[in-house]
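In: kindly generate the corresponding structure for this input.
(one chain, ligands or ions: 1)
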Amino acid sequence: MSALQDAYRDYRDELLSAGLLISMGVDGLYGRSGTFERIVEGINIAFSRVGDPDKPDVMRFPPGIGKWQLEQSGYLKSSPQLVGTIHSFAGDDRDHRAMLETLEKGGDWTAGQKTTQVALAPAACYGVYPAVAARGPMPASGALVDCYTYCFRHEPSIDPARMQMFRQREHVRLGTEEQALTFRKLWMERGQAVIKSLGLPFEVDVANDPFFGRTGRLLATSQREEALKFELLVPITSTESPTACVSFNYHRDLFGRGWGITTSTGDVAHTACVGFGVERITLALLKHHGLSVEHWPKQVRDVLGY
Ligand code: ZN
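Out: Here you go, the predicted model:
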């Protein structure tokens, strides 16, 4: 384990000293350089080249979702340990003075902070379900949405590939069970083709989300048994512990029921999504092809639109 921690630290330090990531003094929270962002943009170009011909609805949400959306999503039941909520000062002059005094003494100045109506998005697709639900019953063709946003998960780590704030580029399919499963099968092929075209080694495996607690272990087991989640794994800092860079998820009717999303026949919708972890793919590219993008294989640069 310690060798793995060393490998994480070494790669992170390498990225920081090359200026690709910018330290913010918190594990898992980084600024990105122009070079880093251009690679991220290239991954989005590669994703769009494959996905745009399907003419998805494009939805872009801020990194925050409504607290009510978080509550209704079911995420608090399955993964409370990863949740981020936005708090703000809501006192008067006296409370403000007290807060500054506490701050001065190095105490916990956050004690008087109150939750706002905003939480942080745990996944890019969380804004999509309520938006599609609000439209009413879907047409027979269902819905297909392209979304991309910063997500937050509270899991501080020195592994540069486990950031607390990172972006996911997703396509989300909503429709019948058959439409959702067909979509996932298609993207499992497409996802592998994209990563292969980037010259990265990978494997695809059945996976489970990091659900919380005893109930979480049951959820995780059934998720694996029913093969609801697959991940495309790329070795970044370790071949024994490769990193999930793309995930292919079938939610059955979980979000359909949660949000009241219905098909044209009035049935509860099934949903599926494919998510590209753009920072993780960027880190995999830098690891495998080196920190100087100008020396990357021409074919890889072509895919990224350089
Ligand atoms: Zn998703």
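In: going forward, measure contacts and count neighbours with C-alpha atoms only.
Out: Will do.
In: doesn't Leu233 lie inside a strand?
Out: Yes: checked against DSSP: H, G, I helix; E, B strand; the rest coil, Leu233 lies within a strand.
In: burial count for it?
Out: By the criterion of other Cα atoms under 10 Å, Leu233 has 19 neighbours.
In: could you number the chain from 34 rather than 1 from now on?
Out: Right, with 34 as the first residue, what we last looked at is Leu266.
In: hang on, it packs against Glu236?
Out: Yes: between Leu266 and Glu236 there is a contact under Cα atoms under 8 Å: 5.3 Å.
In: ok, now which ones touch Val165?
Out: The contact partners of Val165, by Cα atoms under 8 Å, 6 or more residues apart in numbering, come to Ala176, Ile294.
In: all helices of the stretch 234-339 of the chain, in order?
Out: Counting by DSSP state H, counting those that start in this stretch, one finds helices in the stretch 234-339 of the chain at the ranges 246-258, 287-292, 311-322, 331-336.
In: just the strands in this structure please.
Out: Taking DSSP state E as the test, the strands found in the chain are 54-59, 62-65, 90-92, 97-99, 118-122, 146-153, 176-185, 198-208, 236-239, 262-267, 276-285, 303-310.
In: of these, which approaches Met221 most closely?
Out: For Met221, the closest of these is strand 276-285, at 6.7 Å, according to Cα to Cα.
In: show me what that closest one is packed up against.
Out: helix 210-230, strand 262-267, strand 303-310, helix 311-322 (3 or more Cα pairs under 8 Å, 6 or more residues apart in numbering; DSSP states H and E).
In: and the angle from it to helix 210-230?
Out: With axes from the mean of the first three to the mean of the last three Cα atoms, to 10 degrees as the basis, strand 276-285 and helix 210-230 are set at 170 degrees to each other.
In: show me which helix or strand of this structure is least confident by mean pLDDT.
Out: Ranked by mean pLDDT, DSSP states H and E, the weakest helix or strand in the chain is helix 246-258, scoring a mean of 88.
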